[in-house]
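Trainee: Sharing a sequence plus its predicted fold:
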Amino acid sequence: MQPETTNETFTFKILGPLEFRAAGVEFGIAGVRQQTLLTLLLLEAGRTITSPRLIEGVWGGRPPETAEAQLRICVSRLRRRLADAGLRDVISTESNGYRLNVPEDRIDVHRCAAHLERSAQAETAGDIAEAVRQLRSALALWRGPPAEGLPSPVVRAAAARLDEERASALEHCFGMEIQQGRHHRIVPELMSIASEHPFREGLQSHLMTALYHSGRQADALRVYREVKRRFTEELGIDPSERLRTLEAKILEQNPRLDEDGPALPRESLNRLAALERENASLRAERQHIGRLMVRFIHRSPGRVPS
């Protein structure tokens, strides 16, 4: 059965705090459980999610004995809230769970995936400009840490995967833009992104290359020294041969830099990935605390937290 949707201008966003809008009006979803439930359904829109999986996502590894009944209540309340916005019968009950019947182009995470797919197709066809344009369209959909503020381990695991996809897309996009000779234009953004991901060698490599081709050899070498210090002090390893070779070419003032070369061993890459996940978690926590502080100030006129 096709869902009845009397409102054709609705969007769901989870690439940042959960947001649901219909006809330009934001409809808040009350309660962490309903927010988590909606997020899980949005991640798998058009596919059935089993009740045990939803229970795990909403309550974690120790659900209450009444979890199935409480899940039905959550689904009922969420249906009513969506109906308030003109979306009726969009959550269907299946034999083993529930399914959200919403077009994927109304959900930012699926729109992002579509842009990434089109970018890959354009790159394969040799259209680098279109590949970059599609990547930029995908990255523009991000508003912050995915599903920010929801503590569910299942949601957080999905958020970590999405964060990794974003970092990879950024890295690939910068690499293609460097090929296009857009060094000056991307340096400010690349510096900011590289500082957010201090253990991603690809971003540090791109930053060194962009700085060098922008006539900033000293700054490019400074980036390498900082990377080497960070890796040595926090990981006990040196940067990869690829990064060391890049530094040598910058020292030689080689007019053409080649970022290719042997990467770090798998064990070191795993340690870098773990540190990246920890950094992503800390960034999300800082942003969440910052928002809580802003709310506190707004609700307490005249009071400034110490």
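Mentor: That came through, no problem.
Trainee: Show me the shaky parts of the chain.
Mentor: Residues of the chain meeting the criterion pLDDT under 70: 1-8, 258-306.
Trainee: where does S92 land in three-state SS?
Mentor: Here S92 is strand, with the state taken from DSSP: H, G, I helix; E, B strand; the rest coil.
Trainee: residue contacts, the nearest residue to it once chain neighbours are set aside?
Mentor: Residue nearest to S92 in three dimensions, not counting chain neighbours: R99, with 5.1 Å by CB to CB, 6 or more residues apart in numbering. No exception for glycine: its C-beta is placed from N, CA and C like everyone else's. R99 sits next to L41, G46, R47, T48, I49, I91, S92 when contact means CB atoms under 8 Å, 6 or more residues apart in numbering.
Trainee: Write the ChimeraX selection for whichever of the residues you listed are buried.
Mentor: Buried subset of those, written as a ChimeraX selection, criterion 16 or more other CB atoms under 10 Å:
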select :41,48,49,91
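Trainee: Which of the contacts of R99 sits closest to W142?
Mentor: Among the contacts of R99, L41 lies closest to W142 (CB to CB), at 20.5 Å.
Trainee: Mind listing what's buried along the host helix or strand of that closest one?
Mentor: Secondary-structure assignment from DSSP states H and E places L41 in helix 32-43. For helix 32-43, burial by neighbour count (16+ other CB under 10 Å) applies to R33, Q34, Q35, T36, L37, L38, T39, L40, L41, L42, L43.
Trainee: what does stretch 183-199 contact?
Mentor: Outside stretch 183-199, the residues within contact range by CB under 8 Å, 6+ apart are 167, 170, 174, 177-178, 200, 203-204, 206-207, 209-211, 213-214, 216, 223, 227, 230-231, 272, 275-276, 279, 283.
Trainee: The residues you listed, buried ones only, as a ChimeraX selection?
Mentor: Typed into ChimeraX, the next command selects the buried ones out of those (criterion: 16+ other CB under 10 Å):
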select :167,170,174,177,178,200,203,204,206,207,209,210,211,213,216,223,227,231,272,275,276,279
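Trainee: For the protein, which segments count as helices?
Mentor: In the chain, the segments counted as helices under DSSP state H are 32-43, 51-59, 67-84, 108-124, 128-139, 153-179, 183-196, 201-213, 217-234, 241-251, 266-299.
Trainee: Using CSV, lay out those together with distance to P17.
Mentor: Formatted as CSV, the helices of the chain follow (distance: least, CB to CB, whole Å):
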stretch, distance to P17
helix 32-43, 9
helix 51-59, 18
helix 67-84, 17
helix 108-124, 12
helix 128-139, 18
helix 153-179, 12
helix 183-196, 18
helix 201-213, 25
helix 217-234, 31
helix 241-251, 36
helix 266-299, 9
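Trainee: who wins for proximity to A23 among these?
Mentor: helix 67-84 (11.7 Å).
Trainee: which other helices and strands contact the closest one?
Mentor: The helices and strands touching helix 67-84, judged by 3 or more CB pairs under 8 Å, 6 or more residues apart in numbering; DSSP states H and E, are helix 32-43, helix 51-59, strand 91-93.
Trainee: Would you quantify the distance from A120 to Q70?
Mentor: As judged by CB to CB, to the nearest Å, A120 and Q70 stand 42 Å apart.
Trainee: Revised request: answer the last question for L235.
Mentor: Per CB to CB, L235 is found 45 Å from Q70.
Trainee: Could you do L251 as well?
Mentor: The gap separating L251 from Q70 is 64 Å, by CB to CB.
Trainee: So between those two, which is more surrounded?
Mentor: Set L251 next to Q70 and count neighbours by other CB atoms under 10 Å: Q70 wins out with 16 against 12.
Trainee: close enough to count as contact, the more buried one and S76?
Mentor: No: checked against CB atoms under 8 Å, the pair Q70 and S76 is beyond contact range at 10.6 Å.
Trainee: Give the residues shared as contacts by the two.
Mentor: Shared contacts of Q70 and S76 (CB under 8 Å, 6+ apart): none.
Trainee: Just give me the residue closest to the centre of the chain.
Mentor: Geometric centre of the chain, nearest residue: D163, 3.3 Å, by CA atoms, centre = their mean.
Trainee: Surely it touches P145?
Mentor: Yes: contact criterion CB under 8 Å: D163 and P145 qualify, at 7.1 Å.
Trainee: you'd agree Q35 is up against L150?
Mentor: Yes: between Q35 and L150 there is a contact under CB under 8 Å: 6.0 Å.
Trainee: where do the contact lists of these two overlap?
Mentor: When contacts are counted by CB under 8 Å, 6+ apart, Q35 and L150 have L18 as shared neighbours.
Trainee: Excluding chain neighbours, give the residue nearest to A22 in space.
Mentor: Leaving out its chain neighbours, the residue that sits closest to A22 by CB to CB, 6+ apart is A85, at 3.8 Å.
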